[in-house]
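K.L.:
Return a 3D structure for these sequence lines:
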Amino acid sequence: MNKGVVVRTLAAFLLAAALLTVPSTAQAQSACDPGFTLTSGGVAEADLNGDGLTCEVTSIDSVTGGLITLALDNAPADQASTTFGCPDQHRDAAGNPSSGFNPFPWDPGMEPDRNNNAIVCIKELPGFREVIIDDNVRK
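P.N.:
Residues are numbered from 1 along each chain as shown. Okay, the predicted model is just below:
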């Protein structure tokens, strides 16, 4: 067998394998709900699958003029590796979660409440900013 044919066949196989196993940005983007943008390095607490990607949308609060960011993982939560709750359930001296996220009642099923339990986690930041995520955390 010709050595060039073997090399080209191996290269074609490796390229095909790489294309089939590495998700493209378009594939990851399609996992985002309508209106959400794929973000790399965004709200880490919303990244349940640990791939560094989240789906986020930021809007302006009509009352305060502050920014509100809704963040979701770019994939639905894996119920085998997640549980209900806000990130970092350890409490500080005042009794607040040290991550800054606190549970808050929400309309069931309305983004970002993917688990439909009518609870989200909200973190207030300086300058009238809020970050809102679903109440799922890694086990």
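
K.L.:
pretty sure Gly109 is in contact with Asn116, am I right?
P.N.:
Yes - counting by CB atoms under 8 Å, Asn116 is a contact partner of Gly109 at 4.8 Å. Every residue, glycine included, has its C-beta placed from N, CA and C.

K.L.:
what ranges do the strands span in this structure?
P.N.:
Secondary structure of the chain, counting by DSSP state E: strands at 37-40, 53-60, 67-73, 82-84, 101-105, 119-125, 129-134, 136-138.

K.L.:
possible to save the ones you listed as a markdown table with mean pLDDT?
P.N.:
Shown next, in a markdown table, are the strands of the chain (pLDDT from 0 to 100):
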| stretch | mean pLDDT |
| --- | --- |
| strand 37-40 | 95 |
| strand 53-60 | 96 |
| strand 67-73 | 96 |
| strand 82-84 | 86 |
| strand 101-105 | 93 |
| strand 119-125 | 94 |
| strand 129-134 | 95 |
| strand 136-138 | 84 |
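
K.L.:
Any chance of those in a markdown table with mean neighbour count and distance to Gly95 as columns?
P.N.:
Listed next are the strands of the chain as a markdown table, based on neighbours: other CB atoms under 10 Å; distance: least, CB to CB, whole Å:
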| stretch | mean neighbour count | distance to Gly95 |
| --- | --- | --- |
| strand 37-40 | 15 | 31 |
| strand 53-60 | 18 | 28 |
| strand 67-73 | 22 | 25 |
| strand 82-84 | 15 | 19 |
| strand 101-105 | 15 | 10 |
| strand 119-125 | 18 | 16 |
| strand 129-134 | 22 | 20 |
| strand 136-138 | 20 | 18 |
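
K.L.:
Take those strands and write them to CSV, including distance to Ala94.
P.N.:
Formatted as CSV, these follow (distance: least, CB to CB, whole Å):
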stretch, distance to Ala94
strand 37-40, 31
strand 53-60, 28
strand 67-73, 24
strand 82-84, 23
strand 101-105, 11
strand 119-125, 14
strand 129-134, 19
strand 136-138, 21
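
K.L.:
Can you tell me which of the ones you listed is nearest to Ala31?
P.N.:
In terms of CB to CB, the element of the strands of the chain nearest to Ala31 is strand 53-60, at 7.2 Å.
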